[in-house]
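K.L.:
Next one to model:
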Amino acid sequence: MIAAILASGEPERLYTGLSLLVSAAADGIPARGLATFGALEALLDDSLEDRARATRGEMFARTLAELRATAAELDDVRIWACAAAVETGGIDRDRVEAVLDGVISTPRFLREVGDARLVVV
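P.N.:
Just a heads-up that it's a prediction; the model follows:
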C-alpha cells in the first residue's frame, strides 16, 4: 500500500499527489490519501480546473481534472478529508462526503494505512 498526505492546494503539488495515488492503484497497489487544509479546499473546489488552466495551461488543467475524477472512481484509491481541516475550516461535512471517502483524523488515517509507504505532498 501507498499512502499520501495531500497538504498543498497548489495545482502542481495536488497533481503530483493524485498522480501518485492513481498510478499506484492502476498497478494494483492500494492507495490511500488524507486531504488536509489546502489540498482539501482544492479537491472540493469546482473551479480547480479553471484556476489551473489560468496558470498552467489547457493540457495541465485537463489532466488535473481527469486525475481528480479517476481517483474518485477507482476502487483501490480512497481519499479522506482531514477531520481537523473540516472542523477548523468550517467545511460542510455533507459536501466532503459527497466528493471524498469521508472524514478521518490523522491518527486514525495513520493506523488505517499501517506500514504503507507514506509520502507528504
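K.L.:
Just the C-alpha atoms of stretch 9-27, please, in CSV.
P.N.:
Extracted in CSV, the C-alpha atoms of stretch 9-27 (Å, rounded to 0.1, in the frame of the first residue of the first chain):
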residue,chain,number,x,y,z
GLY,A,9,-3.7,23.2,-2.6
GLU,A,10,-1.1,24.3,-5.3
PRO,A,11,-2.3,22.6,-8.5
GLU,A,12,1.2,21.3,-9.3
ARG,A,13,1.6,19.5,-5.9
LEU,A,14,-2.0,18.3,-6.0
TYR,A,15,-1.4,16.9,-9.5
THR,A,16,1.7,15.1,-8.2
GLY,A,17,-0.2,13.6,-5.2
LEU,A,18,-3.1,12.5,-7.3
SER,A,19,-0.9,11.1,-10.0
LEU,A,20,1.0,9.0,-7.4
LEU,A,21,-2.3,7.6,-6.0
VAL,A,22,-3.9,6.9,-9.3
SER,A,23,-0.7,5.3,-10.8
ALA,A,24,-0.3,3.0,-7.8
ALA,A,25,-3.9,1.9,-8.0
ALA,A,26,-3.6,1.3,-11.7
ASP,A,27,-0.7,-1.0,-10.9
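K.L.:
Spatially central, which residue of this protein would that be?
P.N.:
By C-alpha atoms, centre = their mean, the chain has its centre lying nearest to residue 35, at 5.0 Å.
K.L.:
Could you give the bridge partners of that one?
P.N.:
residue 6, residue 81 (DSSP bridges).
K.L.:
so it sits right up against residue 43, yeah?
P.N.:
Yes. If you go by C-beta atoms under 8 Å, residue 35 and residue 43 touch, sitting 5.3 Å apart. In this view, the C-beta of every residue, glycine as well, is placed from N, C-alpha and C.
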